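Student: my questions concern the predicted model and sequence given below.
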Number of protein chains: 2
Amino acid sequence: MDRSKQIDDFVAAHLDGYAQEIAELCAIPSISARGEAGAADMRACAALVGTILERHGFAAQIYETPGFPVVVGRAAGKSPRTLLFYNHYDVQPVDPLHLWTSPPFEPDVRDGALYARGAKDDKGEFIARLAAVDAARAANGGELPCGALFVVEGQEEVGSPHIAAFVREHLDELACDGALWEEGGTDAEGRPGMVLGRRGVLSVELAAETLSRDAHSGAAHMLPNAAWRLVRALASLKDGDEHIRIPGWYADAKGPSAEDEAIIEAMNDPEPGLREQFGVKNFVGGRTGRDLEAAVFNPTANIGGITAGYQGPGMKTVIPARATAKLDFRLVPDQDPEDLLEKLKAHLIAEGFGDLGVTWLGAMWPYKASPDNPFVGLTRRTAEEVYQKPYEFRPMAGGSSPVYAFARPLGNIPVVSAGVGNDRNRTHAPDEHVRLADLLNAGRHIGRILEGFGALEA
Amino acid sequence: MDRSKQIDDFVAAHLDGYAQEIAELCAIPSISARGEAGAADMRACAALVGTILERHGFAAQIYETPGFPVVVGRAAGKSPRTLLFYNHYDVQPVDPLHLWTSPPFEPDVRDGALYARGAKDDKGEFIARLAAVDAARAANGGELPCGALFVVEGQEEVGSPHIAAFVREHLDELACDGALWEEGGTDAEGRPGMVLGRRGVLSVELAAETLSRDAHSGAAHMLPNAAWRLVRALASLKDGDEHIRIPGWYADAKGPSAEDEAIIEAMNDPEPGLREQFGVKNFVGGRTGRDLEAAVFNPTANIGGITAGYQGPGMKTVIPARATAKLDFRLVPDQDPEDLLEKLKAHLIAEGFGDLGVTWLGAMWPYKASPDNPFVGLTRRTAEEVYQKPYEFRPMAGGSSPVYAFARPLGNIPVVSAGVGNDRNRTHAPDEHVRLADLLNAGRHIGRILEGFGALEA
């Protein structure tokens, strides 16, 4: 019997047990957004993750961080190559509670799915991977075909504030040859696929301060207005064609490869959906159709918020002493947020806005895998085998992710996606659920990835 | 005995009685900002104003408005000419209460002053005028030298929302030949003076809406950002030299007259005080010294507030669907806010921002008296006689006032200032007070104005 069949049979035979383990994890309300108020639940959940890892043959260790613990599980395999699994045990808040059919932390199986907060994101994904590990081990005489390394953190839902430092501080322990990111699966039509890249982001606050306190607007012919100063500084950042005017901003920006362009050309037109979802009249830069998708390779300069002066009903005739704006710049490979922060500051000085405060609020680096990477190819090939539908790449997502925090420092390893998702899981919303059929397929798919990973060329 | 001497003696002899009437009014907490919650106190205070006017020989009438009542008092005089007195019976809130030495609505005389909320603004001013009326009548054999007409409103401290309509609806009853505005007096050094004009104002809200709901900033390469749209529209309003770019904005704007320029040339340099009070590094347009004062003849475009997107701590990566700004444009004679609103709208359309919403939040027209006006001259001459110091004009205040609501519809009547103020009355603040010496001088001064007003050339 071939090992793929053995993997499939193993996961199918033990599916109820895996669902039970998801439920066991989902009974703990590990809401990281509660902060210290939820620390006891967070620690109980981290401990259970360790227990479950050990139950599946891993040596587990719980690492303290400035926030909630990171759980690391390690198991050796036939191949010296190691596959890293990134997951998280924290979940989103559950409001509005009255929209849940069954209580969010009382897991309920109905209609072929397990309902609970975290059932999909990310406790279901975590257990699907353990199912794959068990199945691959069973198909290989009790030995894993390659090394497996779990990193399960507790603050993904609040922006992973400590994961990059954690990786930097444990480079030797986390050495690996590739990683499977937290989730994956199929689209609403059951087609498997993967996003090959994530943009980076540089987040800053700009602050203008022109007076020691607000003044009456009757003095506007004399006293400088911080809101005007901020508006003018912001207006200097982009021209009317959405081109960022900061010198050198595009120096390291790579456009799409020929493969990326071919992929985009074959994608669905996103325009009708966006028009309906967001009531858009005019898209950025007047773009339409698939050009909207291709534009993901354009760096952006987004104003996330502006605050200045009086914002209530009616009017208050005031000269604001202080005005601030939140900006996030999305970055494409190989833009570096630390380099771009300096370029932003130099631009403001050159344009006469050197008095504005620039505060670094955070950054992520861009990450992109090539569709030609062997690990990407393995993931695609095995998915088509399991899901029996053609695989779909998306060259780049518009958002950002801490993928970079692993990929870069661990030696530019390739990072792929695979998992239990089906785009209708109500992730982050009431009635979050994972379908048992998707749990089965994710185990089958990831089991095949484990099977093939050891033999890949480095 | 000359009539000025008789006026002086009369006010001095009855000063305690006038202080008692101020106290009588100040015992009522007529805080207009309380709205309907304070309606009983407001109506009690309006009734008392009517009673006091009748006590001083006026026919009083209480008019309902959509807000609180307006009290009108009328007394005939020897001359057919009539002087209108504008006052208000409402007061500011009293917070912070713990900073009051005596309770704000328990009037207390100490150190030669009466302490209470409203003691100066505007109940003390109102009674000082009645003292002047009594004194002028006493000096003229029981008959007023000219007609006197009081208009005492109840919503000055909340922006006089109904006074312009009230005047328009009662033009015949309010016919007069000049007006004394709500307050006046001396500066901190005891020098009498008057501001000859007030700028107008046009207040609007600009609103940009680009999406039906906020979106994730990962889509910033596709979905239009309302904050960016607002920033660009705002940036189109003024150039870097503070010149308003809206076509026709300056068409009706009059600069200072030769007299105004001469007055400004003789004024104190406002720069050191402004630097200290507001911590200014660079004034608008790089101006310094008396140029700051002269700049009051420049129309302004002030941003009073901007609100868009996320404004809390840290970062939220959002594309704001909606962004708004409050703008107030200060206007100089003879700019017309209704005309300028149309010019603003036309500019936005011409610059490609026709999709922005423009909401009229309110307006006042500019008003300016000439230093050569005979009524202005009378006010100055009598003030120098009473205060024994040279009189100081200021050509124009930067702020706005509902003076225009009387001056224009009543036939471009001249409007002057005179009163009990001394620039240290803690108006709007804890321990508001009026000095009895200032009450005496205001009575003497305004009595002389009444004495001379009937004989002025029209």
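Tutor: Cool, the structure landed. Numbers count the residues shown, from 1 in each chain, chains lettered A, B, ... in the order given.

Student: tell me the mean pLDDT over stretch A:128-148?
Tutor: Stretch A:128-148 carries an average pLDDT of 97.

Student: gap between the two ends of that stretch?
Tutor: Terminal residues of stretch A:128-148 lie 14 Å apart, using Cα to Cα, to the nearest Å.

Student: cool, stretch A:187-200 as well?
Tutor: Span of stretch A:187-200 from end to end, Cα to Cα: 24 Å.

Student: relative to the whole chain's centre, how far out is it?
Tutor: Chain-centre distance of stretch A:187-200: 12 Å, with Cα atoms, centre = their mean, to the nearest Å.

Student: before we move on, what about stretch A:176-193?
Tutor: 12 Å.

Student: pLDDT averaged over that stretch - what is it?
Tutor: So the average pLDDT for stretch A:176-193 ends up being 95.

Student: run the contact check for it versus chain B.
Tutor: No: using Cβ under 8 Å from any Cβ of the partner chain, stretch A:176-193 stays clear of chain B, coming no nearer than 16.0 Å. Quick note: C-beta positions are derived from backbone N, CA and C, even for glycine.

Student: mind listing what's buried in that stretch?
Tutor: Going by neighbour count (16 or more other Cβ atoms under 10 Å in any protein chain shown), the buried part of stretch A:176-193 is A:176-187, A:192-193.

Student: looking at those, which are in strands?
Tutor: A:178-180, A:193 (DSSP state E).

Student: just put the residues you listed in CSV and tack on distance to residue B:3.
Tutor: Formatted as CSV, those follow (distance: Cβ to Cβ, whole Å):
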residue, distance to residue B:3
A:178, 104
A:179, 99
A:180, 101
A:193, 98
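
Student: show the model's pLDDT score for residue A:1.
Tutor: pLDDT at residue A:1 comes out at 62.

Student: oh sorry, the question was meant for residue A:119
Tutor: 98.

Student: stretch A:385-395: which residues count as buried?
Tutor: A:386-387, A:391-395.

Student: which one among these gets closest to residue B:217?
Tutor: residue A:394 (17.9 Å; Cβ to Cβ).

Student: Provide a list of residues in contact with the closest residue to that closest one other than its chain neighbours.
Tutor: Nearest residue to residue A:394, sequence neighbours excluded (Cβ to Cβ, 6 or more residues apart in numbering or on different chains): residue A:195, at 4.6 Å. For residue A:195, the contact set (Cβ atoms under 8 Å, 6 or more residues apart in numbering or on different chains) comprises A:393-397, A:417.

Student: mind checking which of the residues you listed land in strands?
Tutor: Per DSSP E, the subset of these in strands is A:393-394.

Student: just put the contacts of residue A:195 in a markdown table and tack on pLDDT.
Tutor: Below are the contacts of residue A:195 laid out as a markdown table (pLDDT from 0 to 100):
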| residue | pLDDT |
| --- | --- |
| A:393 | 94 |
| A:394 | 94 |
| A:395 | 95 |
| A:396 | 95 |
| A:397 | 94 |
| A:417 | 96 |
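
Student: what lines up beside the helix or strand hosting residue A:328 in the sheet?
Tutor: Using DSSP states H and E, the element containing residue A:328 is strand A:322-331. Strand A:322-331 has its sheet partners listed here by DSSP bridges as strand A:200-209 (antiparallel), strand A:300-309 (antiparallel).

Student: pick the most deeply packed of the ones you listed.
Tutor: Among the strands paired with strand A:322-331, strand A:300-309 has the highest mean neighbour count (mean count of other Cβ atoms under 10 Å in any protein chain shown), at a mean of 26.

Student: what's the following helix or strand past it in contact with?
Tutor: Using DSSP H and E, the helix or strand that follows strand A:300-309 in sequence is strand A:318-319. Contacting residues not belonging to strand A:318-319 are listed as A:211, A:214-217, A:219-220, A:223-226, A:309-310, B:302, B:304-305 [Cβ under 8 Å, 6+ apart].

Student: now do the helices in the stretch 151-300 of chain A.
Tutor: A:163-169, A:226-235, A:258-266, A:271-278, A:291-294 (DSSP state H, counting those that start in this stretch).

Student: of the contacts of residue A:195, closest to residue B:53?
Tutor: residue A:397 (74.6 Å).

Student: neighbours around residue A:160, how many?
Tutor: 21 (other Cβ atoms under 10 Å in any protein chain shown).

Student: what sits against the closest residue to it other than its chain neighbours?
Tutor: Spatially, and ignoring its direct neighbours in sequence, residue A:160 is nearest to residue A:402 (4.5 Å; Cβ to Cβ, 6+ apart). Neighbour list for residue A:402: A:156, A:160, A:163-164, A:364 [criterion: Cβ under 8 Å, 6+ apart].

Student: for the residue sitting nearest the centre point of chain A, which three-state class applies?
Tutor: Central residue of chain A (Cα atoms, centre = their mean): residue A:401, 3.8 Å from the mean position. State at residue A:401, reduced to three classes by DSSP: H, G, I helix; E, B strand; the rest coil: coil.

Student: hang on, it packs against residue A:200?
Tutor: No: checked against Cβ atoms under 8 Å, the pair residue A:401 and residue A:200 is beyond contact range at 9.5 Å.

Student: between those two, which contacts overlap?
Tutor: A:364, A:367.

Student: of the contacts of residue A:402 - the most surrounded one?
Tutor: residue A:364 (24 neighbours).

Student: quick check: phi and psi on the closest residue to that one other than its chain neighbours?
Tutor: Spatially, and ignoring its direct neighbours in sequence, residue A:364 is nearest to residue A:400 (4.3 Å; Cβ to Cβ, 6+ apart). The phi/psi pair for residue A:400 (degrees, to the nearest 10) reads phi -130, psi 160.

Student: and for residue A:289?
Tutor: phi 60, psi -140.

Student: neighbours of it, how many?
Tutor: Around residue A:289 there are 12 residues (other Cβ under 10 Å).

Student: what do you get for the one 3 residues further on?
Tutor: Neighbour count of residue A:292, defined by other Cβ under 10 Å: 22.

Student: next, the contact list for residue A:30, please.
Tutor: A:38, A:41-42, A:44-45, A:89-91, A:118, A:154.

Student: mind doing that once more with 7 Å?
Tutor: By Cβ atoms under 7 Å, 6 or more residues apart in numbering or on different chains, residue A:30 lies in contact with A:41-42, A:45, A:89-91.

Student: and the nearest residue to it once chain neighbours are set aside, how close does it get to residue A:60?
Tutor: Nearest non-adjacent residue to residue A:30, counting by Cβ to Cβ, 6+ apart: residue A:45, 3.8 Å away. Per Cβ to Cβ, to the nearest Å, residue A:45 is found 13 Å from residue A:60.

Student: circling back to that earlier point, what is the nearest of the contacts of residue A:30 to residue B:274?
Tutor: residue A:90 (52.8 Å).

Student: please report phi then psi for the closest one.
Tutor: Here residue A:90 shows phi and psi, under degrees, to the nearest 10, equal to phi -90, psi 160.

Student: how deep is it tucked in, by neighbour count?
Tutor: 28.

Student: wait, it touches residue A:154, no?
Tutor: Yes: counting by Cβ atoms under 7 Å, residue A:154 is a contact partner of residue A:90 at 4.8 Å.

Student: so where's chain A shaky on pLDDT?
Tutor: Applying pLDDT under 70 to chain A picks out residues A:1, A:458.
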